[in-house]
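1. Provided below are the primary sequence and the corresponding predicted coordinates.
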Amino acid sequence: MMNMGLIKMSSRGQIVIPSAMRGDLDKGEEFIIIRDDERFVLKKIKQVSEQMKEDMEFAKRTEEAWQDIEAGNGKRYSVEEFFEHLEDVS
């Protein structure tokens, strides 16, 4: 069964799930949200594993890095400089 409703985003970027749609949701329940062009998909999940959270953070940081590179904000390293930099950040 498909259920539809209208929502709007607050000035702080918050949205509210209509009360008629949240009967089986618990306070603090976690969701995954995926954006694809004009579509947002909100998926309820019972548990988000720490590995999944780390993977999602890695994907976010990787996307941001690619955007920086495409904008010309990348930094070039020699092989030696690269490995020195890796040691500095670990």
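-> Nice, thanks for sending it over.

2. low-confidence stretches in the protein?
-> Applying pLDDT under 70 to the chain flags the ranges 1, 47-48, 90.

3. in it, which spans are helices?
-> With DSSP state H as the definition, the chain shows helices at residue ranges 50-70, 79-89.

4. buried sites along the first one?
-> Going by neighbour count (16 or more other CB atoms under 10 Å), nothing in helix 50-70 comes out as buried. For the C-beta atoms, the positions are set from N, CA and C on the backbone; glycine is no exception.

5. neighbouring contacts of it?
-> Taking CB atoms under 8 Å, 6 or more residues apart in numbering as the criterion, the residues outside helix 50-70 that touch it are 32, 74.

6. among the helices of the chain, which is nearest Arg35?
-> helix 50-70 (11.6 Å; CB to CB).

7. wait, Ile7 touches Gln14, no?
-> No - the criterion here is CB atoms under 8 Å, and Ile7 misses it with Gln14 at 10.0 Å.

8. related to what we said a few turns ago, reformat the helices of the chain as a markdown table; add distance to Met2.
-> As requested, the helices of the chain are arranged in a markdown table below (distance: least, CB to CB, whole Å):
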| stretch | distance to Met2 |
| --- | --- |
| helix 50-70 | 27 |
| helix 79-89 | 47 |
